[in-house]
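A.B. asks: here's a sequence, model it:
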Amino acid sequence: MPLLVLLLTHSPGWAGAAFLLEWAPRLAAVAGAGPIIDRHSPQSAILATSLLRAGAALATLIGLSLGAGPWLVLVFGVACGVLAEASYLAS
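C.D. replies: The predicted structure is shown next:
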């Protein structure tokens with residue numbers, strides 16, 4: 001994600017913020033995602049996180065085409081980081 005932010009904004013500062021915002025929730029998601037995944041099957045957790053990531057990507061593309069700023073890409077990076085960590089734990 002930080003490279004995508006750098007390509008879209010041409011700002012190393014925004015790319016660094018994206019890196020921080022991407023990894024902080026991932027590390028925090030381990031404590032929250034573990035008990036949720038324990039209640040459901042790994043297959044359903046992976047399917048749900050994959051569908052949510054695809055929806056987030058589509059929403060981000062639509063938002064960018066409507067003129068949203070770099071903040072939308074940062075939010076997308078955070079959401080995908082948390083969902084990726086949840087699917088990793090389910091695996």
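A.B. asks: and the longest helix anywhere in the chain, what's its mean pLDDT?
C.D. replies: If you go by DSSP state H, the chain has its longest helix at helix 12-39. Averaged across helix 12-39, pLDDT comes to 81.
A.B. asks: follow the chain on from that helix and name the next helix or strand.
C.D. replies: Proceeding N to C from helix 12-39, the next assigned helix or strand is helix 42-65, under DSSP states H and E.
A.B. asks: which elements pack onto that following helix?
C.D. replies: On a contact count with 3 or more C-beta pairs under 8 Å, 6 or more residues apart in numbering; DSSP states H and E, helix 42-65 meets helix 70-90. Using the backbone N, CA and C atoms, a C-beta is placed for each residue, glycine as well.
A.B. asks: can I get the CA coordinates of the helix it packs on in CSV?
C.D. replies: The C-alpha trace of helix 70-90 is given here as CSV (Å, rounded to 0.1, in the frame of the first residue of the first chain):
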residue,chain,number,x,y,z
PRO,A,70,-5.4,10.7,-0.6
TRP,A,71,-7.1,10.1,2.7
LEU,A,72,-9.4,7.5,0.9
VAL,A,73,-6.3,5.5,-0.1
LEU,A,74,-5.0,5.6,3.5
VAL,A,75,-8.4,4.3,4.8
PHE,A,76,-8.3,1.6,2.2
GLY,A,77,-4.8,0.5,3.3
VAL,A,78,-5.9,0.3,6.9
ALA,A,79,-9.0,-1.7,6.1
CYS,A,80,-7.1,-4.1,3.9
GLY,A,81,-4.4,-4.5,6.5
VAL,A,82,-6.9,-5.5,9.2
LEU,A,83,-8.7,-7.9,6.8
ALA,A,84,-5.5,-9.4,5.6
GLU,A,85,-4.5,-10.1,9.2
ALA,A,86,-7.9,-11.7,9.9
SER,A,87,-7.6,-14.0,6.9
TYR,A,88,-4.0,-14.9,7.9
LEU,A,89,-5.2,-15.9,11.3
ALA,A,90,-8.0,-18.0,9.8
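A.B. asks: if anything else comes up later, I'll come back, but that's it for now.
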